[in-house]
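Asker: the sequence isn't on hand, but the structure is:
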């Protein structure tokens, strides 16, 4: 699948966390035929939940440590 853009409106932090948890198998290679990894670009307003999403994705991947910036854990 070559997805150029996806626009979502998530009503709250719980919905943002749920999306991250559902995307984890796709990004971690747990689905047959889907390679590990990927890249995403976020374009949204300040306070839209980018950090909440990234933190939830990292937690879903199994990292339970505390990171000053969750973005650094993705690298």
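Answerer: Looks like it came in fine. Everything quoted here is computed from the prediction, not taken from an experiment.
Asker: show me where the chain has its helices.
Answerer: Assigned by DSSP state H, the helices in the chain fall at 13-27, 50-60, 70-74.
Asker: with distance to residue 7 added, can I get the ones you listed in TSV?
Answerer: Just so you know, the C-beta spots here come from the backbone N, C-alpha and C atoms, and that holds for glycine as well. Shown next, in TSV, are the helices of the chain (distance: least, CB to CB, whole Å):
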stretch	distance to residue 7
helix 13-27	13
helix 50-60	14
helix 70-74	22
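Asker: deepest of those helices, which one?
Answerer: helix 50-60 (a mean of 19; mean count of other CB atoms under 10 Å).
Asker: and the angle from it to helix 13-27?
Answerer: Interaxial angle, helix 50-60 versus helix 13-27 (axes from the mean of the first three to the mean of the last three CA atoms, to 10 degrees): 50 degrees.
Asker: in the protein, where is pLDDT below threshold?
Answerer: Scanning the chain for pLDDT under 70 picks out 1-3, 38, 67-75.
Asker: do that again at 80, thanks
Answerer: Low-confidence segments of the chain (pLDDT under 80): 1-6, 28-29, 31, 34-44, 63-75.
Asker: list the residues that contact residue 8.
Answerer: Going by CB atoms under 8 Å, 6 or more residues apart in numbering, residue 8 touches residue 19.
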